[in-house]
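Student: how would this look folded up:
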Amino acid sequence: MNVFTVNVFTKTMRDQRRALTGWALGMAALVLLYASFYPSIKGNESLNEYFDTLPEAVRNMVGCIDFSSPTCYIQSEIFSIMGPLLLMILAIGAGARAIAGEEETGTLDLLLANPIARRRVVLEKFWAMVAATIGVGVVMWAAIAAFGPPFGLHLGLANLGEAVLAAVLMAIGFGAGALAMGCWLGKRGLAIAVVTSVAVVTYLLNVLAPSVDAVSSLQKLSPFYYYIDNDPLRNGLDPVHALVLVLIAAAGLGLALFAFERRDLTT
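Tutor: Have a look, this model is predicted:
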């Protein structure tokens, strides 16, 4: 690997170091906020009774029924929506910005003027997105592990790590999709819009499938199914589900490489 391929990764990480610091602090603050609410939730049986009255689709979004337990509380407040959502926003933004952002700002031509293959640029940009997502995921794990016990949230660190890993893998898959769209379309905003739309549709598909017969057979098309179906916070990460999430990311990377190597950047 020559110096230019190394610099694509390191320069990308250096350029986003302030943003990543903000992401890390924001994630830690979110965990602390939710953890501090737990003492007022613990032992409140009325919440469980209220939850039982909600539509099935809403209960599917949460994925558990006993809010007074630490595992269910963290599952419902962090891992059902907010945690994976933040990781997805980070990964999709980084993926879309990796090539399309450079193209829109006019810096892509300068980068490709160096003796570096297009394939290496995409790969290094992809790994920078992966590193950023993993880094914020590690912060989420560490924050829950550190802030949880003082507020009575005692969780198994291994299962917690596997739940975070599942969220990170899913986010990387969507980030790879945004990278592919950026390589193909050359428009950062459009790449974000396309992949975000796919994320919303597949999320709703996973939530509605158990209670809507018309879409029940399509549930396994949703990345969210492989993220949450096995309930990794309780049961650990299913290896098959993890492999599917990895393959989704690999497919996005493959499409990005295919599209970027064949695009005419002179038009």
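Student: residue nearest the centroid of the chain?
Tutor: For the chain, Ala171 is the residue whose C-alpha lies nearest the centre (CA atoms, centre = their mean; 2.2 Å).
Student: Which residue ranges of the stretch 101-250 of the chain form helices?
Tutor: 102-105, 108-112, 118-147, 157-185, 188-208, 213-216, 223-228, 232-235, 239-262 (DSSP state H, counting those that start in this stretch).
Student: what's the closest of those to Leu86?
Tutor: helix 118-147 (7.5 Å; CB to CB). All C-beta atoms are positioned from the backbone trio N, CA, C, and that covers glycine.
Student: Surely the residue nearest to the centre of the chain is in contact with Ile134?
Tutor: No. Using CB atoms under 8 Å, Ala171 makes no contact with Ile134, being 9.5 Å away.
Student: returning to that earlier point: setting aside sequence neighbours, what's the nearest residue to the residue nearest to the centre of the chain?
Tutor: Among residues not flanking Ala171 along the chain, Leu87 sits closest, at 3.8 Å (CB to CB, 6 or more residues apart in numbering).
Student: residues near that neighbour, how many?
Tutor: Other residues within reach of Leu87, judged by other CB atoms under 10 Å, total 27.
Student: Next: Ala193.
Tutor: Ala193: 14 neighbours (other CB under 10 Å).
Student: quick one: low-confidence ranges for the stretch 51-200 of the chain?
Tutor: 51-66 (pLDDT under 70).
Student: Quick check: the gap between the residue nearest to the centre of the chain and Met140.
Tutor: Distance, Ala171 to Met140, by CB to CB, to the nearest Å: 11 Å.
Student: shared neighbours, the two?
Tutor: Leu87 (CB atoms under 8 Å, 6 or more residues apart in numbering).
Student: ok now stretch 126-136, how far from the chain's centre?
Tutor: 10 Å (CA atoms, centre = their mean, to the nearest Å).
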